[in-house]
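# I'd like to go over a predicted model; first the sequence, then the structure.
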Amino acid sequence: MHVPSSWFAEWFDNPLYTALYSHRSDEEALQVVELLRQRVSLPKGSRMLDLCCGGGRHTKALIEAGFDVVGIDLSETLLALAHEETRDLPVRLYRADMREAFPEAPFDCIANFFTSFGYFDNPDDDALVLKRVSDALKPGGVFFLDFFNEVHLRNTLVAEDTLDFEEFSITQERRIEAGFVQKRIYVRSINHSFPERIYTERVRLYTLSDFKTMFAKAGLSIRAVFGDYSGSVLSDETPRCIILADKALV
């Protein structure tokens with residue numbers, strides 16, 4: 001499967017991306033933000049970065065939880081949605097690449113939700129993101145990473161499915177290849193008003209062991225790992241790998 005190196009820049013700016021993931025609810029965002037709030041125990045008004053904020057579901061939940069929030073994302077389309085989602089709320093949103101220095105640093109906490117990590121061809125770029133996180137945290141600051149559970153994904157991967165919408169259908173083909181979970185997305189018009197369109201997603205398969213090594217190199221110490229948004233212990237049966245890590249005080 002050929003995957004363009006900038007697949008995320010093309011796909012995340014496409015309105016079809018939001019249609020495909022429209023089932024992701026505000027309730028889900030509230031649940032994971034509540035997990036963060038309970039386990040991190042930061043006072044209201046603490047400075048929070050929503051790293052890869054997307055359409056702003058989590059950004060809004062973070063603001064409502066009492067944090068002073070900054071959001072960054074590469075996609076202009078998703079940032080426009082985030083502006084709409086957080087309209088009349090106190091937030092600063094920036095278009096930025098997560099491999100670059102983050103605006104308005106330092107932060108008390110940086111959160112990366114909904115598997116917004118592991119997109120790059122070169123794993124050194126993922127390591128650079130973690131260095132940017134560490135550099136942008138205050139001493140003693142916290143990084144909250146919400147990633148998929150690699151073991152659970154391998155065991156439950158659905159090879160193909162189709163979602164039908166009013167005017168088009170989306171077929172997703174998934175496979176594991178060369179250390180990535182790769183998805184090919186076919187969009188077909190119901191009434192043949194446009195030719196078939198094909199998009200891709202690709203995320204590197206990082207294990208908890210991989211993260212432990214990477215976090216340590218970035219100066220981040222893992223203090224807790226959860227397997228879902230309710231805070232369950234990570235196991236082969238839990239869908240998420242949610243990591244809380246601290247930057248050293250000195």
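All right, it came through fine. Residues are numbered from 1 along each chain as shown.
# all contacts plus neighbour counts: C-alpha atoms, from now on.
OK.
# what's near enough to touch the residue most central in space within the chain?
In the chain, the residue lying closest to the centroid (CA atoms, centre = their mean) is Ser116, at 2.5 Å. Listed by CA atoms under 8 Å, 6 or more residues apart in numbering, the contact set of Ser116 reads Cys52, Phe147.
# Contacts only, for Arg92.
Val69, Val70, Gly71.
# Could you rerun that using 6 Å?
Counting by CA atoms under 6 Å, 6 or more residues apart in numbering, Arg92 touches Val70.
# got it, and Lys138?
Contacts for Lys138 were tallied using CA under 6 Å, 6+ apart; they are Pro106, Phe107, Asp108.
# from those, which ones fall inside strands?
Those of these mapping onto strands are Phe107, Asp108, per DSSP state E.
# Okay, buried residues for the helix-or-strand element of the chain with minimal mean pLDDT please.
None of the helices or strands of the chain scores lower by mean pLDDT, DSSP states H and E than helix 15-20, at a mean of 74. Under the neighbour-count criterion of 16 or more other CA atoms under 10 Å, helix 15-20 has Tyr17, Thr18, Leu20 buried.
# What ranges does this structure have for its helices?
With helices called from DSSP state H, the chain shows them at 7-11, 15-20, 26-40, 57-64, 76-85, 123-136, 150-156, 208-217.
# Return the most buried member of those helices.
Most buried of the helices of the chain, by mean neighbour count (mean count of other CA atoms under 10 Å): helix 57-64, with a mean of 23.
# what's across from Asp164 in the sheet?
Asp164 forms beta bridges with Ser169, as assigned by DSSP bridges.
# ends of stretch 155-168, how far apart?
Chord length of stretch 155-168, first to last residue, is 30 Å (CA to CA, to the nearest Å).
# Mind checking the pLDDT average for that stretch?
Taken as a whole, stretch 155-168 has a mean pLDDT of 92.
# With stretch 90-101 instead?
Summarised as a single mean, pLDDT over stretch 90-101 is 96.
# before we move on, what about stretch 212-221?
The average pLDDT for stretch 212-221 rounds to 98.
# Pull the residues that contact that stretch.
Leu130, Lys131, Ala245, Asp246, Lys247.
# before we move on, what about stretch 227-244?
So stretch 227-244 is contacted by 32, 143-149, 151-152, 222-226 (CA under 6 Å, 6+ apart).
# Counting only strands, which of those residues make the cut?
Per DSSP E, the contacts of stretch 227-244 map to strands at Phe143, Phe144, Leu145, Asp146, Phe147, Phe148, Ile222, Arg223, Ala224, Val225, Phe226.
# mind listing what the fifth one touches?
Spelled out, that is Phe147. If you count contacts by CA under 6 Å, 6+ apart, Phe147 has them with Thr115, Arg240, Cys241, Ile242.
# What sits closest to the last one if chain neighbours are left out?
I take that to be Ile242. Asp146 (4.5 Å; CA to CA, 6 or more residues apart in numbering).
# Is the one you found in contact with Ala111, as I believe?
No: with contacts counted by CA atoms under 6 Å, Asp146 stays clear of Ala111, the gap being 7.9 Å.
# Now do the contacts for the nearest residue to Ile222 once chain neighbours are set aside.
With CA to CA, 6+ apart as the criterion, Ile222 has its nearest non-adjacent residue at 4.1 Å, and that residue is Ala245. Contacts for Ala245 were tallied using CA under 6 Å, 6+ apart; they are Val142, Phe143, Leu220, Ser221, Ile222, Arg223.
# Ala245 bridge partners, please.
Counting by DSSP bridges, Ala245 forms beta bridges with Phe143, Ile222.
# Give me the below-cutoff pLDDT ranges for the protein.
For the chain, the stretches with pLDDT under 70 are 1-5, 22-25.
# let's see it at 50
In the predicted model, the chain carries pLDDT under 50 at residues 1-4.
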